[in-house]
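> Please find the sequence and the predicted model below.
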Amino acid sequence: MDLNQPPGENYANPKTCFFHVLFKGAALAFYILSALFFDSFVIIFVVTVLLAALDFWVVKNVSGRILVGLRWWNEINDMGESVWKFECLDHESMARMNKKDSWLFWWTLYLSAVAWIVLGIFSLIRFQADYLLVVGVCLTLSIANIIGFTKCQKDAKKQIQQFASQTIASRFTSTLQSAFSVV
């Protein structure tokens, strides 16, 4: 993950980038501005959590696949254990991923979690336990995506390294075989 935005490169998937940012921004904006328009905590809770859930789904199932070539999910196996599953593009496709799309994906993923943490601190300072619940749900969804995609990225790097070492070993073996077959 590169911390500096890649210069001169356009977004390869501007619509996906837009929706990736839209639901994060909508959930945060609604939560922050809702006190100005609504007196009902229930409305604020339901709409904010719904927007955060939409963001979770879009990131996990759409923008993660398109912007960084990664997808994750969690299953319960026959023994009742939680098992993480990861899916990534092949190493050639991963190398061709748009750097600006990737930059936007990772930065907004982490910054939205930081924003929810800051809002949680404000709720704590103001002794608003009910609003802390809203922040807790939204932060949990955000952190679940961070953990899932971070694990998926590490798994993808491991797969690429295994492929590279297998390819090198295969080429080395074929070179040795051809060298000795000539003799």
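Ah, there it is.

> For residue 101, which non-adjacent residue is closest in space?
residue 67 (4.3 Å; C-beta to C-beta, 6 or more residues apart in numbering). Just so you know, the C-beta spots here come from the backbone N, C-alpha and C atoms, and that holds for glycine as well.

> any idea how far the stretch of helix or strand the one you found belongs to is from the chain center?
Using DSSP states H and E, residue 67 maps to helix 64-68. Taking C-alpha atoms, centre = their mean, to the nearest Å, the mean C-alpha location of helix 64-68 is offset from the chain mean by 8 Å.

> Can you name the residues in contact with that helix?
By C-beta atoms under 8 Å, 6 or more residues apart in numbering, the surrounding residues in contact with helix 64-68 are 13, 16-17, 20, 70-72, 97-98, 101-102, 104-106, 145, 149, 152-153.

> In this structure, where is pLDDT below threshold?
Across the chain, the ranges flagged by pLDDT under 70 are 1-9, 90-95, 154-183.

> the helices in it, which residues?
Counting by DSSP state H, the chain has these helices, from start to end: 14-37, 41-58, 64-68, 91-95, 99-125, 129-182.

> Tell me the spacing between residue 145 and residue 116.
Distance, residue 145 to residue 116, using C-beta to C-beta, to the nearest Å: 12 Å.

> How about residue 132?
Residue 132 is 11 Å from residue 116, by C-beta to C-beta.

> Wait, residue 138 touches residue 26, no?
No: counting by C-beta atoms under 8 Å, residue 138 sits too far from residue 26 to count as a contact (11.5 Å).

> Compare neighbour counts for these two and give me the winner.
residue 138 (27 against 17; other C-beta atoms under 10 Å).

> Hmm, residue 114 and residue 139 touching each other?
No: counting by C-beta under 8 Å, residue 139 stays clear of residue 114, with 9.8 Å between them.

> Please say which of these two ends up with more neighbours.
More crowded of residue 139 and residue 114, by other C-beta under 10 Å: residue 139, with 20 against 11.

> Tell me how many other residues crowd the closest residue to that one other than its chain neighbours.
Distances taken as C-beta to C-beta, 6+ apart place residue 116 nearest to residue 139, at 4.1 Å, with adjacent residues excluded. Residues within reach of residue 116, counting by other C-beta under 10 Å, total 25.

> quick one: residue 116 and residue 140 touch, right?
No: using C-beta under 8 Å, residue 116 is not in contact with residue 140, being 9.1 Å away.

> about what we covered before: where does the residue nearest to residue 139 sit relative to residue 128, distance-wise?
Residue 116 is 14 Å from residue 128, where distance means C-beta to C-beta.
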